[in-house]
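> here's a sequence, model it:
(one chain, ligands or ions: 2)
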Amino acid sequence: MKAIAVAPGAGVPEVVERSVPEPAPGEALVRICRVGVDGTDYEVIEGSHGGLPDGDNELILGHEAVGVVEDANGTALEAGQYVVPTVRRPPTGVETNAYFERGEPDMAPDGEYVERGIVGAHGFMAEYVTSPADDLVPIADDLAQWGFLVEPISITEKALEHARATRSAFDWHPESALVLGTGSLGLLTAAMFTETLGYDRVYCLGRKDRSHPTVDIVERLGATYIDSRETPVPEIPDAYEPMDVVYEATGYAKHAFESIEALAPNGVAALLGVPGDWAFEVDGGRLHRELVLHNKSLVGSVNSNRGHFEAAIDTLADLPEWVLEGIVSGIYDLESVDRAFPEATARVPAGGRGSAGTVDDDTTIKTAVEFEGI
Ligand code: NDP
Ligand code: ZN
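Ligands and ions are numbered 1, 2, ... in the order given. Predicted structure coming up:
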């Protein structure tokens, strides 16, 4: 079978030949249909995040997948059913641990998990994969074509669950939300705030000139686009309003601290970005005081569990089709797989595999690889 693999830090993703995996007891065999590409994949390709499975020198990419059960292998699943796999698994050679037993692998610390397609385990960019049936979340046939968006939406389901939990001790009625970032995670989250969570006023911060497809999506959602080059985050309360919720999806480390200044009293900021090391100055006294005197909360969040995937499937069903079509700027088969990774191929030196013409322009938002039509 064909798969898409990379030697992290050493190249661009390539189509490789692998044997079809055999499901172990409790596992099903899944024929993969579509797999999304996101910022994490680029970090894995560059070698700045994640790592190889033990004993391998290439990693099969992909953690945002939808497929169809090929062989239920005696599990409760049925052949022909569409499923979305979750990402975390117990460490290699370990059957389970307390986090997995509780159904909270997303709360496991480093070393207590592997992540398929990211760290320590092969991913889902292959014609066939196996997975424990318990880690395959069924999705309705009519949603399956967008099933690769369930994983990123589940990231926001978890982050907002944790953000709400920090405000659960008092009567909290958030009305305003600010999303930092107009990448796929930021745009999906902005759409959740306007379309499914019913926030009155939603703002989304980016750094693109009008007209750009991301700005168009923000405005068609009825949200307000804020250009960070004109209005830096700390100035947003004066220019617009202080925010009940801030959702950071830029990976720009200063935003973690500036979020505190963008919050209204009693507000909460969820931080999702995964920046590299970066030392800079902040007025720590002022930010500490702001957090305390105005009951503000900052919460970091990574990954998601099966419950968040189930919530994400419900959310996906409620998002308008035009949003999904706008965010997914291209779906490519194996023949044109370079186009699914425009940022990786863009970095290949002249004469390399990413030949001229494969690099998309600045309008790419999110891509996916298609192994099998839906
Ligand atoms: P993208 O790289 O697609 O999106 C990031 C966006 O932030 C880009 O549109 C970028 O703009 C924008 N941005 C960066 N700096 C600024 C700035 N100073 N002002 C305005 N906009 C800015 O990533 P994703 O959407 O896939 O993910 C967002 C972040 O979340 C990433 O850091 C990713 O690593 C992280 N992530 C975290 C997860 C978790 O579980 N915690 C899961 C998935 C992702 P431009 O396009 O102009 O560069
Ligand atoms: Zn992802």
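> pull the number of nearby residues for the residue in the chain that ligand 2 sits nearest to.
Distance from ligand 2 to each residue of the chain (C-beta to the ion) is smallest for D38, at 3.9 Å. Heads up, the C-betas are built off the backbone N, CA and C, glycines and all. By other C-beta atoms under 10 Å, the residues close to D38 number 19.
> skipping adjacent residues, who's closest to it in space?
Spatially, and ignoring its direct neighbours in sequence, D38 is nearest to S184 (5.9 Å; C-beta to C-beta, 6 or more residues apart in numbering).
> returning to what we had before: check contacts around the residue of the chain closest to ligand 2.
By C-beta atoms under 8 Å, 6 or more residues apart in numbering, the residues touching D38 are E64, P152, G183, S184, L185, K366.
> over to N305?
Contact analysis of N305 by C-beta under 8 Å, 6+ apart lists T86, R88, G103, E104, P105, D106, K158.
> same check on L185?
For L185, the contact set (C-beta under 8 Å, 6+ apart) comprises D38, G39, P152, I155, T156, A249, L272.
> and if you look at D141?
Contacts for D141 (C-beta under 8 Å, 6+ apart) come out as Y82.
> kindly report the same for T75.
Listed by C-beta under 8 Å, 6+ apart, the contact set of T75 reads G26, E27, A28, A133.
> and the gap between the residue most central in space within the chain and ligand 1?
Closest to where the C-alpha atoms of the chain average out (C-alpha atoms, centre = their mean) is P152, at 3.4 Å. P152 is 6 Å from ligand 1, where distance means C-beta to the nearest ligand atom, to the nearest Å.
> please save the CA atoms from the helix or strand hosting that residue in PDB.
Assigned by DSSP states H and E, P152 belongs to helix 150-166. Extracted C-alpha coordinates of helix 150-166, given in PDB (Å, rounded to 0.1, in the frame of the first residue of the first chain):
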ATOM      1  CA  VAL A 150     -13.000  16.600  13.600                       C
ATOM      2  CA  GLU A 151      -9.500  16.400  15.200                       C
ATOM      3  CA  PRO A 152      -8.800  20.100  15.000                       C
ATOM      4  CA  ILE A 153     -12.300  21.000  16.200                       C
ATOM      5  CA  SER A 154     -11.800  18.600  19.100                       C
ATOM      6  CA  ILE A 155      -8.800  20.600  20.100                       C
ATOM      7  CA  THR A 156     -11.100  23.600  20.600                       C
ATOM      8  CA  GLU A 157     -13.800  21.500  22.300                       C
ATOM      9  CA  LYS A 158     -11.200  20.600  24.900                       C
ATOM     10  CA  ALA A 159      -9.700  24.000  25.300                       C
ATOM     11  CA  LEU A 160     -13.000  25.700  25.800                       C
ATOM     12  CA  GLU A 161     -14.200  23.000  28.200                       C
ATOM     13  CA  HIS A 162     -11.100  23.700  30.300                       C
ATOM     14  CA  ALA A 163     -11.600  27.500  30.000                       C
ATOM     15  CA  ARG A 164     -15.200  27.200  31.100                       C
ATOM     16  CA  ALA A 165     -14.200  25.000  34.000                       C
ATOM     17  CA  THR A 166     -12.000  27.800  35.300                       C
END
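> who are the packing partners of it?
Under the contact criterion of 3 or more C-beta pairs under 8 Å, 6 or more residues apart in numbering; DSSP states H and E, helix 150-166 touches strand 64-71, helix 184-191, strand 243-248, strand 263-271, strand 297-300, helix 306-318.
> any idea of the mean pLDDT in it?
Mean pLDDT, computed over helix 150-166, is 98.
> stretch 92-101 too?
Stretch 92-101 carries an average pLDDT of 96.
> and if you look at stretch 16-33?
Mean predicted confidence for stretch 16-33 is 98.
> where does the prediction get shaky in the chain?
Applying pLDDT under 70 to the chain flags residues 345-361.
> nearest residue to I217 other than its sequence neighbours?
Residue nearest to I217 in three dimensions, not counting chain neighbours: G326, with 4.7 Å by C-beta to C-beta, 6+ apart.
> surely that neighbour is within a helix?
Yes - per DSSP: H, G, I helix; E, B strand; the rest coil, G326 lies within a helix segment.
> which residues touch whatever residue of the stretch 101-250 of the chain ends up closest to ligand 1?
Going by C-beta to the nearest ligand atom, ligand 1 is nearest to G183 of the stretch 101-250 of the chain, at 2.0 Å. By C-beta under 8 Å, 6+ apart, the residues touching G183 are D38, G39, A249, T250, I365, K366.
> arrange the contacts of T75 in a markdown table, one row each, with distance to T194, secondary structure and neighbour count as further columns.
Shown next, in a markdown table, are the contacts of T75 (distance: C-beta to C-beta, whole Å; DSSP: H, G, I helix; E, B strand; the rest coil; neighbours: other C-beta atoms under 10 Å):
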| residue | distance to T194 | secondary structure | neighbour count |
| --- | --- | --- | --- |
| G26 | 41 | coil | 12 |
| E27 | 39 | strand | 22 |
| A28 | 36 | strand | 28 |
| A133 | 35 | helix | 19 |
